[in-house]
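1. here is the input, now give the coordinates:
(chains A and B)
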2 protein chains.
Amino acid sequence: MKLIEGGINAPLGFEAAGVEAEIKYKNRLDMAIIYSKKPCVAAATFTSNVVKAAPVMWDKKLVETSPFVQAVIVNTGIANAATGKVGMGYCKDTAKAAAEVLGIPENAVLVGSTGVIGAQLPMDRIKAGITKLVAAKSADKADGTKASKAIMTTDTVNKELALKVEIGGKTVTFGAMSKGSGMIHPNMCTMLGYVTTDAVISKELLTKILKADVKDTYNMISVDGDTSTNDTLIVMANGEAGNPEIKEGTEECEVFTKALHYINETQAKRLAGDGEGAEALIECKVVGADTKENARILAKSVICSSLTKAAVYGHDANWGRVVCALGYSGVQFDPEKMSLFLEAGDKSMLIYEDGAGLDYSEEEASKLLSEKEVRFLADMKMGHEEATAWGCDLTLDYVKINADYRS
Amino acid sequence: MKLIEGGINAPLGFEAAGVEAEIKYKNRLDMAIIYSKKPCVAAATFTSNVVKAAPVMWDKKLVETSPFVQAVIVNTGIANAATGKVGMGYCKDTAKAAAEVLGIPENAVLVGSTGVIGAQLPMDRIKAGITKLVAAKSADKADGTKASKAIMTTDTVNKELALKVEIGGKTVTFGAMSKGSGMIHPNMCTMLGYVTTDAVISKELLTKILKADVKDTYNMISVDGDTSTNDTLIVMANGEAGNPEIKEGTEECEVFTKALHYINETQAKRLAGDGEGAEALIECKVVGADTKENARILAKSVICSSLTKAAVYGHDANWGRVVCALGYSGVQFDPEKMSLFLEAGDKSMLIYEDGAGLDYSEEEASKLLSEKEVRFLADMKMGHEEATAWGCDLTLDYVKINADYRS
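-> Below is the predicted model of the structure:
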């Protein structure tokens, strides 16, 4: 596996663009296109929220029923969520407009929206944006980056990625872009994430690999515990690499799965670390759990704890809040048996054992907590299962950003 | 039912006191006693956190096995949680010291602690505090208030209450005191809550009434989603009112149940409204749900949503976040059918219907959101069950308080 420069349009046959369409704000990239010259198989996971945004419903139906997909049109500023039948109609209108300009079927066009819930899309500007996007799209790295930047909202960091692997004697390339900073607590998937690849792979196998992988990647992050109405993760494969089709259980399948896992984990961590107002990425690794599912629940409980998040922000080694969060997770364990370590970089401190705190240096602990990436390692001493979850600290800026969002 | 002046020592035969014992801080009341001249039956509910503080384990055992209780000793500053076997020994030492001075059995002394997790109690100061408490205790209103103030930590408001009802021709009095401001997301019960009454009632019936009532009171509030290690709610009845014993299913039982419900709901709302840094109490009332449990889950999901809490802080009628929080609660419903109202005082605005937002006045909505008590009323239109939950806004001060707590 080799990381390469570029993003969503790095794989063969993919083009992308980002343009200013003034959906809600002026002078910022706010519409993006991903386009594949060849039809793609697609796999996707979506929010488990009962209140699903219109584009989520549109994409879900398309991925399930359409023979292939070939383009994605995304806007920021307005989420097209809780917009009733009108909002659903706008998805169709968007797909239709893009299909006409691109000369592809309407049901090959996925749509994505992110932004404020409840407002309706300005369709004239969406349509004008599509025209600009189709004219601008290219395989250039710069246009991939523009697409990735166009889907950012309160994100402070552009989150794109590309890598290459060797499969069946051919070079297979992956590209990815994701956005998300607030309302991040994916359940089946995150806000908006797109992955492209030129691999030859069936829709069934791609779907199977994706659904298994999100459990340990996108579903293990949280910024604020709020599961969005728009969570969408789509993987598109157009087969341009020309590798022999990837089959389940083979070494080639493992290479593909690992590459996709690397992309999903990297992007998920980036979302958590760039949480609204965040100053630090908090990682909680749980080892020695009795079941994999319990390991996941325990790890996620810690990174979701407001008090743990605030303590990290204050560089305060208030480990009691971590032990407390493990305790209310719903998983049974013996607090007298487990151990808790505070870690950053290659430094590790044992801070809790035998049911009580140890006599560690508060100064040293506070130094670890000042790092950009802070890790809590909990050894439950019940078995051999492990899981990792990622979140971020709870800062004054998180509150400022979210008390102000719509105004 | 008649509200009266006073608090925890208002019922006949109860005494209380609060003193400065310098457990963690100087110049503040930090130890309290509740004492009944006569033996009491007691009912209690405790935290569901796997990591239970030592006093929770002590009290749980006592309430389950001791023939009667007669005193409670509470300290603030240190929670005696995650303190291992040493911490458990301190509960016994505290009970023993109090039992000796009061001349009652050791297993009639309940203990309570609240404060930082992980630190050990300074037992010499605890013992000195007990001596002062026993000397100071009285039935005076002022001493009841001192006891209530002594259990406050980051609370900004003293939460005590007393009321009278008529049962079987006799006046039965209730007294109550509660504390809690952060780490409030009770599951079975809240941080620390104590209720006294001079009613004649069996332990079995008292337990049954209490367990049913907390589901709609203490278990329906949240400040930050963190279920504490110390949650404790204890009701003590000493029988001094001389009423005929209250029997299940009678009118007298209903009067008693309503009085206890009024106390629990009032105290629970006070905890939510006085959440760390809070500027507003957020109430979410769900009506028209298919089951009572679903109504509770929906209501609680809204008052736990960080984004809804931040929006209220910003006086921003971002109703999309409320609909989103209902949507990820885990309860199935039809977003196209439900209605959402924003309310404060006697004002009510319909803001969401038929799957989309309405054209309401943002200015008027913002005015409602500036009130001290803000209410979201969600009509699910699925049935006839309802539930109410209470939380508070997420403010800059919440983060400041919790980034600094231990320092």
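2. so how many other residues sit close to the residue in the stretch 301-407 of chain A that chain B sits nearest to?
-> Ranked by CB to the nearest CB, the top residue of the stretch 301-407 of chain A for proximity to chain B is A:G320, at 2.5 Å. In this view, the C-beta of every residue, glycine as well, is placed from N, C-alpha and C. Neighbourhood size, A:G320 [other CB atoms under 10 Å in any protein chain shown]: 25.
3. quick check, A:A71 in a helix?
-> No: counting by DSSP: H, G, I helix; E, B strand; the rest coil, A:A71 falls outside a helix, being strand.
4. am I right that A:T207 sits in a helix?
-> Yes: the assignment for A:T207 by three-state DSSP puts it in a helix.
5. contacting residues for it?
-> A:A43 (CB atoms under 8 Å, 6 or more residues apart in numbering or on different chains).
6. separation between it and A:Y35?
-> Using CB to CB, to the nearest Å, we find A:T207 at a distance of 22 Å from A:Y35.
7. can you tell me, leaving aside adjacent residues, what's nearest to the residue of the stretch 301-407 of chain A closest to chain B?
-> Spatial nearest neighbour of A:G320, excluding adjacent residues (CB to CB, 6 or more residues apart in numbering or on different chains): B:I117 at 2.5 Å.
8. likewise A:F376?
-> A:C284 (4.7 Å).
9. is the one you found in contact with A:V374, as I believe?
-> No: look at A:C284 against A:V374 with CB atoms under 8 Å: they stay out of range, at 9.6 Å.
10. residues in contact with the closest residue to chain B within the stretch 51-200 of chain A?
-> Proximity of the stretch 51-200 of chain A to chain B (CB to the nearest CB) peaks at A:I117, 2.5 Å away. Neighbouring residues of A:I117 by CB under 8 Å, 6+ apart: A:A53, A:A79, A:A81, A:A82, A:T229, B:N318, B:G320, B:R321, B:V323, B:C324.
11. in the lengthiest helix in chain A, what's buried?
-> The longest helix of chain A (DSSP state H) is helix A:251-273. Across helix A:251-273, burial judged by 16 or more other CB atoms under 10 Å in any protein chain shown covers A:252-253, A:255-257, A:259-273.
12. the strand ranked longest in chain A packs against which elements?
-> In chain A, with assignment by DSSP state E, the single longest strand is strand A:31-46. Using 3 or more CB pairs under 8 Å, 6 or more residues apart in numbering or on different chains; DSSP states H and E, the elements in contact with strand A:31-46 are strand A:14-19, helix A:54-65, strand A:69-78, helix A:123-136, helix A:141-150, strand A:192-197, helix A:203-214, strand A:232-237.
13. quick one: which of these is nearest B:G87?
-> helix A:203-214 (41.1 Å; CB to CB).
14. out of A:C284 and A:V374, which sits in the busier spot?
-> Legend: neighbour count by other CB under 10 Å for A:C284 and A:V374, higher for A:C284 (27 against 21).
15. what about that one, distance to A:K300?
-> A:C284 is 8 Å from A:K300, by CB to CB.
16. common neighbours of those two, please.
-> Residues touching both A:C284 and A:K300 by CB under 8 Å, 6+ apart: A:A389.
17. residue in the stretch 151-300 of chain A with the shortest distance to chain B?
-> For the stretch 151-300 of chain A, CB to the nearest CB, closest residue to chain B: A:T227, 3.7 Å.
18. helix/strand/coil for that residue?
-> Assignment for A:T227 (three-state DSSP): coil.
19. excluding chain neighbours, what is closest to it?
-> Spatial nearest neighbour of A:T227, excluding adjacent residues (CB to CB, 6+ apart): B:Y328 at 3.7 Å.
20. residues contacting the one you found?
-> Counting by CB under 8 Å, 6+ apart, B:Y328 has contacts A:T47, A:S48, A:N49, A:V50, A:V51, A:H185, A:N187, A:D226, A:T227, B:S301.
21. how many residues are close by the residue nearest to the first one when sequence neighbours are not counted?
-> Counting by CB to CB, 6+ apart, the nearest residue to A:T47 once its immediate chain neighbours are dropped is A:D231, at 3.5 Å. A total of 30 residues lie near A:D231 under the criterion other CB under 10 Å.
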